[in-house]
Each structure stands twice: as structure tokens, then as C-alpha cells.
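> Based on what follows, work out the 3D shape:
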Amino acid sequence: MRLQHQEVKAILAKGDFITVGKVPPTLLQPLLKELRGFDRKEVLIGPKIGEDAAVIGWPAGAFLLATSDPIVGALKGAGSLLVNVNANDIAAKGGDPAYMLVVLILPATMTLNDAASLMKEVDEEAKKLGIAVVGGHTEFSDRYTHPIMVGTMLGISHKVLRASSIRPGDAIILTKHVGIEGMTILANDRREMLDPFLSNDEIEEVKGWSSSLSVVPEARLLRDLALFMHDPTEGGVIGGISEIVALTDLKVKLDLDAFPLHPITQRVSKKLGFDPLHLISSGALLAVVSKDDVEEAINRLREHGISCAIVGTFDVVGMGTDELSAQEELWRLLSL
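This next block holds a predicted model:
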């Protein structure tokens, strides 16, 4: 990690453990000066010691989008993952993720260097996506053994996507492939589970999928065509579809053979005995489009190098929420 600010370098050189409670202002302020994501001019007041809230100039006629998601199951790359899972929610609602607040609670066994590393991951990923980090909270606690990170993301949209717009015959498009997030967590944090049947190169390939965790690019491509979009997290792609169905009075007909499944994910699922369609799947986007717009949607994605597949359609008959389980496989695997 390369931090240019001399105060930050001095703090990290010590690697001191911090007493339980909020990080002292003298230690936190140098980090806040540097690790604040993308520089957005409309952020009038950002993260500073003594400021209770951020102040942001808001464009007239725009909608405010807001979401919040934690990271509790991942360790390596958790900061980047926190940005992406929250940004994905805003993008799936047809908006641009713009402003983020981060709550970071670390166990007392960790150091300020650990906090700075996580904050640096947030900073770098936020800059990639044009997101300003506008506030948050950082403390150490003796009540936890693993870090807890909670992100709140605000975004701007000029259109409202509603599931009530979905009609029979509308198609469900899935981008990339299933289980991206779950597989990267296994490769980064539970490599010993994969070593018996994956080569080192294959495990490194899966780790590299972390660069595909954002659905912001495909959501921007589809938001003027999509009737509704959804980021399938816990419960996987089937769980995500079930959640969309629950917002409608319709059912779905799924083509289970059409779901894009990477060969590595397929092999791991067979060896470890889990259903990849229920593995947490941030990085893939579910988009519902009318049958008249399917061809245009697929062409746009493929022209930008984003793979996709039609995995089902909405109808008055078919599978409902009772038939579409939202069970999540990752937590069971991590408990083994």
C-alpha cells in the first residue's frame, strides 16, 4: 500500500494497536485527508473530524437513490467488495453511484495499519467508479473477532425502475456468470477448500474475478431499456429471481440449462456439493426487458464485451416464490 501523506506514513510505520473505541482524531484525520475516494465538486462538506454529516449539492429534477450493505463473510479484498456491492445496488436501480459512507469496526487484535489497508481498498475502488467517500465511522472493539464493514451508498437517477412494469413475455437477461462473488471469497479466504482439485493457476484465475464484481457498466448500458434490474447477492441468481417475482403478481419460466456456469465453478460445486445457482452472485446482473428490446439489449452488452444469456421469461403460469428457494450456499461452506 502506497500512501503519500507523511503523517499517514508515520502512523503506519508504528503499526500500533489501538485502544478499544473510536480511533483518536489525531490518528484518524491524516487518513481522512487522503482516503476519500473520487473528488466530486458537489460535495460541499466531506469527511472531517467534528463534522456530523456530509453536505452535498443536489441536481434539480433528479431522484435520490440510497442503499446499505455490510461485508461480514470476506476478509481479503473486503474494502473493494464493500464498494462494489453497494454501488451495484444503485446501478441496478438505474442510477449512478456517487457518494458513500463507510462504517468500519475492527477487533481489538487488529492495528491501525489494518484499518488503513481496508480504507485504501475502499478509496481505490471508489475512485474507479467515480464515487466520493463523504463520511463514516471507524473504531476498534473487543466484542468482535472479525472486521465488520458497513457501506451506505447514495446515487443519482433520472428514471425510476419499478417491478410493477413487468408483463407476461418479458425476458430475464443474466450477465457474466453465476457465483462470481462466492467463488472469489472461497479463493481468497478458504483456499484450502479448493487446493485438492484446482491448480494454482485456476485459483489465481478465480481471484481475478474480483475485477468483474461491478455491474455498473452493464447497468448503464441497459437502464434505458430495462423494465427492472436486480443485483443477485445472497441466495444467488435463483434467490435474486425469486425476489423479483415477489414484487410482481406473475411467475417465471426458467431455462436452467441457459444459466452461464463457468467450468471452474461447475467443478467446485460438484466437489464441494453445493448448488451454484444459489451461491452469492454479485458481479452478475439480472435485467428484465420486454421481448421487443431483447435483441437490442444483448447486442449492446456483447458490443462492450459483456457476456449474457436469456435465462427465463415472466408469465401468468410457472414458478413462484414457493418454488424458488432463496437459500444461500456460501455461509454453509464457510462453516465447514
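
> all strands of the protein, in order?
Remark: strands assigned in the chain by DSSP state E are 21-22, 43-45, 55-56, 63-71, 96-107, 132-141, 148-157, 171-175, 228-230, 251-254, 286-289, 308-315.

> so for the third one, what's the average pLDDT?
Here strand 55-56 scores 83 as its mean pLDDT.

> What helices and strands are in contact with it?
Contact here means 3 or more C-beta pairs under 8 Å, 6 or more residues apart in numbering; DSSP states H and E; on that basis strand 55-56 packs against strand 43-45. Just so you know, the C-beta spots here come from the backbone N, C-alpha and C atoms, and that holds for glycine as well.

> Quick check: bridge partners of the nearest residue to residue 254 once chain neighbours are set aside?
Closest residue in space to residue 254, ignoring its immediate chain neighbours: residue 312 at 4.0 Å, by C-beta to C-beta, 6 or more residues apart in numbering. Note on residue 312: beta-bridge partners by DSSP bridges are residue 172, residue 254.

> Burial check on residue 312, number of neighbours?
Residues near residue 312, counting by other C-beta atoms under 10 Å, number 23.

> In this model residue 169 seems to touch it, though I could be wrong.
No: assessed by C-beta atoms under 8 Å, residue 312 is found out of contact with residue 169, at 11.4 Å.

> Residue 135 versus the residue nearest to residue 254, what's the distance?
Shown here: residue 312 relative to residue 135, a distance of 40 Å by C-beta to C-beta, to the nearest Å.

> same question, residue 48
Taken as C-beta to C-beta, the span from residue 48 to residue 135 is 9 Å.

> And residue 245, by the same measure?
Per C-beta to C-beta, residue 245 is found 36 Å from residue 135.

> do residue 248 as well
Taking C-beta to C-beta as the measure, residue 248 falls 36 Å from residue 135.

> who's more crowded, these two?
For residue 248 versus residue 135, neighbours defined as other C-beta under 10 Å are more numerous around residue 135 (22 against 19).

> what's across from the more buried one in the sheet?
Applying DSSP bridges, one finds that residue 135 bridges with residue 101.

> ditto for the one 5 residues further on
Using DSSP bridges, the bridge partners assigned to residue 140 are residue 21, residue 106.

> Averaged pLDDT, stretch 66-82. What do you get?
Here the average pLDDT along stretch 66-82 is 87.

> Can I get that stretch in CSV, CA atoms only?
Extracted C-alpha coordinates of stretch 66-82, given in CSV (Å, rounded to 0.1, in the frame of the first residue of the first chain):
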residue,chain,number,x,y,z
ALA,A,66,-30.0,5.1,-1.3
THR,A,67,-28.8,1.6,-0.2
SER,A,68,-26.8,0.0,2.6
ASP,A,69,-24.9,-3.3,2.7
PRO,A,70,-22.4,-4.9,5.0
ILE,A,71,-19.4,-7.2,4.4
VAL,A,72,-19.1,-9.8,7.2
GLY,A,73,-18.0,-13.0,5.4
ALA,A,74,-15.0,-11.8,3.5
LEU,A,75,-11.5,-10.8,4.7
LYS,A,76,-9.2,-10.3,1.7
GLY,A,77,-10.4,-7.6,-0.6
ALA,A,78,-13.3,-6.7,1.7
GLY,A,79,-12.9,-3.0,1.1
SER,A,80,-13.2,-3.3,-2.6
LEU,A,81,-16.1,-5.7,-2.2
LEU,A,82,-17.9,-3.2,0.1
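
> May I see the buried residues of it?
Across stretch 66-82, burial judged by 16 or more other C-beta atoms under 10 Å covers 67, 69, 71, 73-74, 76-82.
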